[in-house]
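> just coords:
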DNA sequence: AAGTGGTCTAGACCACTTC
DNA sequence: AAGTGGTCTAGACCACTTC
């Protein structure tokens, strides 16, 4: 195995930093995705090839690949191969976008970008994104429509160091696809905090409802594969005809 | 294997209803939990014993047990054994109760039961719980406090046929524990739909805030292990100092 | 020391896709 | 026919808990 794990057999007795082989192999492969040696959509070597390359059995490789599939980092297709997961719209639609029409199929909202600015991070942004004093961020404000109806006002904050040049671009609808493809930052998970709030006059005007209308506030922190905090997003959503779907298992 | 699966080796080619052995074994064990032959907290036979009893290899048993552990139906403890998961407060706290104080540790809310009634299900209840015309339900209305502060008004509806005698009882705080222990109905998963709403005058009075205050409405359908719809719960939550936590992976 | 689950190996054969 | 992942077996040894 080329990437440096503690040598020897499976689990030397008494070793402090013991970590199962299959997890070490998972870490190696995650690192290859995180630093771009494995690109989204790329096919991995077969289980047998990986096993021989890494000096372990096929079963151990399989266990690592299964774990990464459960983490949604990989997609396995019987008879075809194992692929690095892509941040395509369908995947994001189901993994990260939980707003669903009360009746009807899920769909992806479009975005009208209202502003893109770069500035020094304020205290709340530094705290939430774990940034140093003086760090700069890119702020994107946009209005999102589902089936043509405005339902979401969204303020997005990204550390500028992570997305150099973003401030000068026209941000696409699918930002996570951009982060992965253009900046090598793959969002692996996110934490959302939900509250019910009364809309401010400004947000209400954008959404075409009276000020004070109840809205679902979604405070999302998106975490990259290397555990860096990659984006902070505050959305206010009208939920008269849509709901936030949460499956508890 | 005593519980009737399609015989023969692993995956007879061409058989229509093919289902992997380890999934068939999972199904057998889920059935034993669902009908009470395996009780919450009970220790399962060891992997080797199960393998010999069911006529498969230990690896296949392990795969079934691992799947059930991922489903949170079992708890495995190295060196001790494999146990049927319990609906204790800690487990429910993390699996089903997603409201968290903005600052501070998670805790379980207490409950003040406002009313318990039995009645014929109305149309909305029949629809949501998939009940026949004329079916009866038990309705529980309660006020829940976190750290002494009223934050949730909750309306709970349960098919009476599933919980005979509940209407005459004093419902405990932990209802899922009651369902499992007293009525043999184990909640395996739930689907929640969240909206932001304006509080009605009645709910607002209970919570001690002005009518129209924005609240987080949680519409939860709880599903039993045998896929029956076991409970419909509609909660209205004040989110000034708490939030709903949703981890997206 | 005995019993449990956890990891790892080696090998067989099946199911599915592509050529 | 060849290549991929999916399932299943049998056996070894490790890590942890209990007695």
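Right, received. Where do you want to start? This one's a predicted model, so the numbers in the text were calculated from it and none came from an experiment.

> How about the residues of chain A by chain B?
A:70-72, A:95-96, A:98, A:188-198, A:214-217, A:219, A:237, A:239, A:243-249 (Cβ under 8 Å from any Cβ of the partner chain). Placement of C-beta: from N, CA and C, glycine included.

> Please indicate which of those are buried?
The neighbour count (16 or more other Cβ atoms under 10 Å in any protein chain shown) marks A:95-96, A:98, A:188-190, A:192-198, A:214-217, A:237, A:239, A:243-246, A:248 as buried among the residues of chain A next to chain B.

> Could you tell me which of those residues belong to strands?
Residues from those lying in strands, with DSSP state E as the criterion: A:188-190, A:192-198, A:214-217, A:237, A:243-246, A:248.

> Let me know whether residue A:112 touches residue A:145 as I believe.
Yes. Proximity of residue A:112 to residue A:145 meets the contact threshold set by Cβ atoms under 8 Å, at 7.3 Å.

> which stretches of chain A aren't confidently modelled?
A:1-17 (pLDDT under 70).

> Bridged to the residue sitting nearest the centre point of it, which residues?
The structure's chain A has its C-alpha centroid closest to residue A:187; by Cα atoms, centre = their mean the separation is 2.8 Å. Beta bridges link residue A:187 to residue A:224, judged by DSSP bridges.

> before we move on, what about residue A:232?
With DSSP bridges as the rule, residue A:232 is bridged to residue A:157, residue A:221.

> In contact with it, which residues?
A:125, A:128-129, A:156-158, A:219-222 (Cβ atoms under 8 Å, 6 or more residues apart in numbering or on different chains).

> and chain A, which residues reach DNA strand C?
Contact residues (Cβ under 7 Å from any atom of the strand) of chain A with DNA strand C: A:10-11, A:20-23, A:55-60, A:63, A:77-80.

> could you flag which of the residues you listed are buried?
A:21-22, A:56, A:60, A:63.

> Output these as CSV; include the columns distance to residue B:137 and secondary structure.
As requested, those are exported to CSV (distance: Cβ to Cβ, whole Å; DSSP: H, G, I helix; E, B strand; the rest coil):
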residue, distance to residue B:137, secondary structure
A:21, 53, helix
A:22, 48, helix
A:56, 56, coil
A:60, 52, helix
A:63, 46, helix
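
> From the contacts of residue A:232, list the buried ones, please.
A:125, A:129, A:156-158, A:220-222.

> just checking, residue A:231 touches residue A:175?
Yes. Between residue A:231 and residue A:175 there is a contact under Cβ under 8 Å: 7.5 Å.

> Please enumerate the shared neighbours of those two.
residue A:156.

> Between these two, which has more neighbouring residues?
residue A:231 (25 against 22; other Cβ atoms under 10 Å in any protein chain shown).

> give the contact list for the more buried one.
Contacts of residue A:231 by Cβ under 8 Å, 6+ apart are A:156-158, A:175, A:179, A:187, A:220-222.

> And stretch A:136-150, what's buried?
A:137-140, A:142-144, A:146, A:150.

> how far does that stretch sit from the chain's center?
17 Å (Cα atoms, centre = their mean, to the nearest Å).

> same question, stretch A:65-74
15 Å.

> which other residues reach that stretch?
A:22-23, A:26, A:29-30, A:33, A:44, A:47, A:50, A:75-76, A:82-85, A:91, A:95, A:188, A:225, B:70, B:249.

> Let's see which of those residues end up in helices.
A:22-23, A:26, A:29-30, A:33, A:47, A:50, A:91, A:95, B:70 (DSSP state H).

> ok, so of those, who is nearest DNA strand D?
The nearest member of the ones in helices among the contacts of stretch A:65-74 to DNA strand D, counting by Cβ to the nearest atom of the strand, is residue A:47 at 4.0 Å.

> show me what contacts residue A:87?
So residue A:87 contacts A:40, A:174, A:176-177, A:179-181, A:186-187 (Cβ under 8 Å, 6+ apart).

> So which of these belong to helices?
Going by DSSP H, the helices hold A:176-177, A:179-181 from those.

> Tell me the one of the residues you listed nearest chain B?
Using Cβ to the nearest Cβ, residue A:176 is the member of the ones in helices among the contacts of residue A:87 that lies nearest chain B, at 11.5 Å.

> Touching, that closest one and residue A:93? I think so.
No. Under the criterion of Cβ under 8 Å, residue A:176 makes no contact with residue A:93, lying 11.1 Å away.

> out of these two, which sits in the more crowded spot?
Remark: of residue A:176 and residue A:93, residue A:176 carries more neighbours, 21 against 17, as counted by other Cβ under 10 Å.

> Okay, domains of chain A per the record?
Recorded structural domains for chain A (assignment: automatic domain parsing) are A:21-84, A:89-244.

> can I get these in TSV with distance to residue B:207?
Output for the domains of chain A, formatted as TSV (distance: least, Cβ to Cβ, whole Å):
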stretch	distance to residue B:207
domain A:21-84	39
domain A:89-244	12
